[in-house]
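Colleague: Output the structure for:
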Amino acid sequence: MTKCLNKKKIFRLLTFKGDNLGNIRQTFIKNIAIGLIKEYPDQFKHDDFQHNKKKVSELSDVGSKLLRNRIAGYITRRLANKNRGATGRPISE
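Modeller: Reported below is the predicted structural model:
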């Protein structure tokens, strides 16, 4: 006989939303973002992704839109967490 999963287990597996999971970013994206923050600390805003996106394209030589957006998103998220304090979700480094 085959082993059957409990209906509650199946429901939990199908409805898992991953609320406790963070975003995984590649280390080179983090390194570029951290370098830009250290080099130009007053150029980025903690609550404005569009502004940060423009500044990343001005201050670096990133060629692709996807990479620029990921770097700007990481910068925005990192600055928002610093601004909020230690109460926010942690960003792994």
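
Colleague: what's the burial count for residue 52?
Modeller: By other Cβ atoms under 10 Å, the residues close to residue 52 number 26. Where C-beta positions appear, they are placed from N, C-alpha and C, glycine not excepted.

Colleague: Is it correct that it is in contact with residue 75?
Modeller: Yes: between residue 52 and residue 75 there is a contact under Cβ atoms under 8 Å: 5.1 Å.

Colleague: what's the overlap in contacts for those two?
Modeller: Common contact partners of residue 52 and residue 75 (Cβ atoms under 8 Å, 6 or more residues apart in numbering): residue 44.

Colleague: List the buried residues of whichever helix or strand residue 34 is part of.
Modeller: For residue 34, the host element (DSSP states H and E) is helix 27-39. Neighbour-count burial for helix 27-39 flags 29, 30, 32, 33, 36, 37 (criterion: 16 or more other Cβ atoms under 10 Å).

Colleague: can you list contacts of that helix?
Modeller: Here helix 27-39 has contacts from 43-44, 56, 59-60, 62, 67, 70-71, 74-75, 78-79, 93, using Cβ under 8 Å, 6+ apart.

Colleague: Stretch 58-73 too?
Modeller: Under Cβ under 8 Å, 6+ apart, the answer for stretch 58-73 is 25, 29, 32-33, 36, 39-40, 43, 49, 52-53, 55-57.

Colleague: Dump these into CSV; add distance to residue 83 and pLDDT as well.
Modeller: What follows is these, written out as CSV (distance: Cβ to Cβ, whole Å; pLDDT from 0 to 100):
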residue, distance to residue 83, pLDDT
25, 19, 76
29, 20, 92
32, 21, 93
33, 16, 95
36, 17, 95
39, 19, 95
40, 17, 94
43, 15, 94
49, 14, 96
52, 13, 96
53, 18, 96
55, 17, 96
56, 18, 95
57, 23, 95
